[in-house]
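>>> sequence isn't available, so here's the structure alone:
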């Protein structure tokens, strides 16, 4: 198994991690490992949407309607 060192971790994050570890009855290291593992395995929404589109034939043939509106300058007054 690999090991990492996390430098510059905010004290509030460390305290939150310690509280979560206590609630789950495990060490901070085990809690951090669980949090990182779950985060790394969570699908990226963009990738998930692309995969879903490809499953139904992709999006290459979707029509893109012409725009008839004209861009205008914002008035901040």
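Happy to help now that I have it. Quantities reported herein were computed from a predicted structural model and do not represent experimental measurements. Numbering: from 1, shown residues only.

>>> residue 31 and residue 19 touch, don't they?
No - in this structure, residue 31 is not within contact of residue 19 by Cβ atoms under 8 Å, at 9.4 Å. For glycine as for every other residue, the C-beta is placed from the backbone atoms N, C-alpha and C.

>>> higher neighbour count, those two?
residue 31 (20 against 12; other Cβ atoms under 10 Å).

>>> now do the SS call for the more buried one.
helix (DSSP: H, G, I helix; E, B strand; the rest coil).

>>> with adjacent residues omitted, what lies nearest to it?
With Cβ to Cβ, 6 or more residues apart in numbering as the criterion, residue 31 has its nearest non-adjacent residue at 3.7 Å, and that residue is residue 21.

>>> so what touches whichever strand or helix holds the one you found?
With secondary structure defined by DSSP states H and E, residue 21 is part of helix 11-24. Applying Cβ atoms under 8 Å, 6 or more residues apart in numbering, the set of residues contacting helix 11-24 from outside is 27-28, 30-32, 34-35.

>>> can you find the helix or strand of this protein with the lowest average pLDDT?
Scoring the helices and strands of the chain by mean pLDDT, DSSP states H and E places helix 45-55 at the bottom, with a mean of 85.

>>> list the helices and strands it packs on?
If contacts are counted by 3 or more Cβ pairs under 8 Å, 6 or more residues apart in numbering; DSSP states H and E, helix 45-55 sits against no helix or strand.

>>> please renumber the chain so that the first residue is 595 from this point on.
Will do, 595 is the new start, and the previous item becomes helix 639-649.

>>> show me the shaky parts of the protein.
Judged against pLDDT under 70, the chain has no low-scoring part.

>>> and with 80 instead?
Confidence mapping of the chain against pLDDT under 80 gives the ranges 652-656.

>>> if I look at the spatially most central residue of the chain, how far off is residue 651?
Centrality entry for the chain: nearest residue to the mean C-alpha point is residue 638, 6.1 Å, by Cα atoms, centre = their mean. For residue 638, the distance to residue 651 equals 21 Å [Cβ to Cβ, to the nearest Å].
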